[in-house]
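K.L.:
okay, predicted coordinates and the sequence, questions at the end:
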Amino acid sequence: DGGITQSPKYLFRKEGQNVTLSCEQNLNHDAMYWYRQDPGQGLRLIYYSQIVNDFQKGDIAEGYSVSREKKESFPLTVTSAQKNPTAFYLCASNRPGDFYGYTFGSGTRLTVV
Amino acid sequence: GQNIDQPTEMTATEGAIVQINCTYQTSGFNGLFWYQQHAGEAPTFLSYNVLDGLEEKGRFSSFLSRSKGYSYLLLKELQMKDSASYLCAAAIKAAGNKLTFGGGTRVLVKP
């Protein structure tokens, strides 16, 4: 079955470390997105990519980096420059004109220890 | 810029009706989505409105007024399992239907 796989489900990071969150989709979707969600709040856009080898900053890109070398994959790196990285991270994908909006991954919960 | 507002929290009784309002100000508007999200899980699609009017799907209905920048989600015959957060999101056509989300409305259903 087609879908989006995020891994790991839970991730613990020490202060000053970089960590990479994986997002893979087999839906043949062109666009992929990374959102951050803090407790009791909505989703805020970190980065998005509408085509391979191209990506744009969202509203809260500082302290994060991405790559889009393959259509299926859109990994997110949380760098040490991100001062408050503890959050729930959601990856999503879509096709322009898709009336179901996004297909979401199951999320990664990142905690700084 | 984009701005989407919805109430933070609502409480209702099992079997009752609750209406969650959403107002938006976006450029390049291309439709309004509603998602349901249980704690710790990914959002799941509920409805999409691009034209003015009411869309009904079982116990859930969604309404859109483009001229007023307003939408609502109506939940009827509330069940305990409807306790969740409900996210309003506007699609931006120029950005390939990128979604901008409101802060979410947490609905608590009481017996």
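P.N.:
Received it, and whenever you're ready, just let me know what you need. Residues are numbered from 1 along each chain as shown, chains lettered A, B, ... in the order given.
K.L.:
enumerate the residues of chain A near chain B.
P.N.:
Residues of chain A found near chain B (CB under 8 Å from any CB of the partner chain) are A:30-31, A:33, A:35, A:40-45, A:48, A:50, A:88, A:90, A:94, A:96-102, A:104-107, A:109. Bear in mind the C-beta positions are built from the backbone N, C-alpha and C, glycine included.
K.L.:
could you flag which of those are buried?
P.N.:
Buried residues within those, counting neighbours by 16 or more other CB atoms under 10 Å in any protein chain shown: A:31, A:33, A:35, A:41-45, A:48, A:50, A:88, A:90, A:94, A:98, A:101-102, A:104-105, A:107.
K.L.:
out of the residues you listed, list just those in strands.
P.N.:
Judged by DSSP state E, those include A:31, A:33, A:35, A:43-45, A:48, A:50, A:88, A:90, A:94, A:104 as members of strands.
K.L.:
what separates the closest residue to residue A:46 other than its chain neighbours from chain B, distance-wise?
P.N.:
Closest residue to residue A:46 apart from its sequence neighbours, by CB to CB, 6 or more residues apart in numbering or on different chains: residue A:34 at 4.3 Å. As judged by CB to the nearest CB, to the nearest Å, residue A:34 and chain B stand 12 Å apart.
K.L.:
what is residue A:34 paired to in the beta sheet?
P.N.:
Here residue A:34 sits in beta bridges with residue A:47, residue A:91, going by DSSP bridges.
K.L.:
burial measure for it, as a count.
P.N.:
Number of residues near residue A:34 (other CB atoms under 10 Å in any protein chain shown) recorded here: 28.
K.L.:
next: residue B:59.
P.N.:
Residue B:59 sits with 13 neighbouring residues when counted by other CB under 10 Å.
K.L.:
show me the contacts for it.
P.N.:
B:75-77 (CB atoms under 8 Å, 6 or more residues apart in numbering or on different chains).
K.L.:
please report phi then psi for it.
P.N.:
As for residue B:59, its main-chain torsions (degrees, to the nearest 10) stand at phi -80, psi -10.
K.L.:
distance check, it against residue B:69.
P.N.:
26 Å (CB to CB, to the nearest Å).
K.L.:
pretty sure residue A:102 is in contact with residue B:99, am I right?
P.N.:
Yes. If you go by CB atoms under 8 Å, residue A:102 and residue B:99 touch, sitting 6.4 Å apart.
K.L.:
low-confidence regions, chain A specifically.
P.N.:
A:1, A:97, A:99-100 (pLDDT under 70).
K.L.:
where exactly do the helices run in it?
P.N.:
Assigned by DSSP state H, chain A shows no helices.
K.L.:
spatially central residue in it, please.
P.N.:
residue A:34 (3.0 Å; CA atoms, centre = their mean).
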